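Engineer: Sequence and predicted model, in that order:
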Amino acid sequence: MATAKNKSSGTQDATALLRADHKRVNDLFSEYEETHSIAKKKRIVEQLCNELTVHAQVEEEIFYPAVKRALKDKELIPEARVEHETLKSLIAQVEGMEPDDEMFDARIKVMHEYVKHHVKEEQNEIFPKAKSTDLDMMKLGAELSQRKEELIAARS
């Protein structure tokens with residue numbers, strides 16, 4: 001059985017990499033909820049939107065198609081894609097707002113609840129099913145990691 005992290009290359013299993021993204025985003029939401037500084041809220045939300053955008057894109061380009069093929073899935077992955085569409089809409093809404101707008105905190109709260117729901121479904125349903133296939137999770141993790149680096153560099 002493959003370990004979650006290959007010590008020689010630093011490559012992570014695909015689900016471990018995606019779980020780490022989920023934790024980073026959850027931590028940012030927690031940090032947002034604890035701050036009262038408008039400037040800090042703005043910085044956190046910019047980082048949140050970047051993290052979520054890159055994460056969704058690598059899932060859609062690499063992880064979801066591989067899992068969909070391996071599982072011959074017609075339900076879980078399409079639902080996850082629809083959830084991503086809604087998330088992208090929420091991101092677009094907050095990217096055009098200032099943190100002192102009365103709707104800003106409400107949109108971030110809704111986004112957080114939405115992301116929690118999506119993460120729960122991925123981690124409890126999609127990831128275990130993906131791991132039960134013959135997909136090479138280390139290879140998939142390396143592809144995800146490389147694409148994330150490209151996307152992050154392009155956004156800088």
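Structural biologist: Received, thanks. In this text, all values refer to a predicted model and were calculated from it rather than measured experimentally.
Engineer: residue ranges with poor pLDDT in this protein?
Structural biologist: Low-confidence regions of the chain, defined by pLDDT under 70, span residues 1-10.
Engineer: So which residue is dead centre in the protein?
Structural biologist: Among the residues of the chain, residue 55 comes closest to the average C-alpha position under CA atoms, centre = their mean, at 3.8 Å.
Engineer: continuing past the helix or strand that that one is a member of, what's the next helix or strand?
Structural biologist: Counting by DSSP states H and E, the secondary-structure element that holds residue 55 is helix 38-58. The element immediately downstream of helix 38-58 (helix or strand, assigned by DSSP H and E) is helix 64-71.
Engineer: Now that next one: buried residues?
Structural biologist: Buried residues in helix 64-71, defined by neighbour count with 16 or more other CB atoms under 10 Å: 64, 66, 67, 68, 71. C-beta: built from backbone N, CA, C; applies to glycine.
Engineer: Pick the one among the residues you listed closest to residue 116.
Structural biologist: Residue 116 lies nearest to residue 64 out of these, by CB to CB, at 19.4 Å.
Engineer: hang on, isn't the closest one packed against residue 79?
Structural biologist: No: contact criterion CB atoms under 8 Å: residue 64 and residue 79 do not qualify, at 10.7 Å.
Engineer: before we move on, the earlier item: show which residues not belonging to the helix holding residue 55 make contact with it.
Structural biologist: If you take CB atoms under 8 Å, 6 or more residues apart in numbering as the criterion, helix 38-58 is touched by 18, 21, 24-25, 28-29, 31-32, 35, 84, 87-88, 91, 94-95, 98-100, 104, 108, 111, 115, 144, 147-148, 151-152, 155.
Engineer: Got a quick ChimeraX command for the buried subset of those residues?
Structural biologist: Applying 16+ other CB under 10 Å to the contacts of helix 38-58 leaves a buried subset, and the ChimeraX line that selects it is:
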select :18,21,25,28,29,32,84,87,91,94,99,104,108,111,115,144,147,148,151
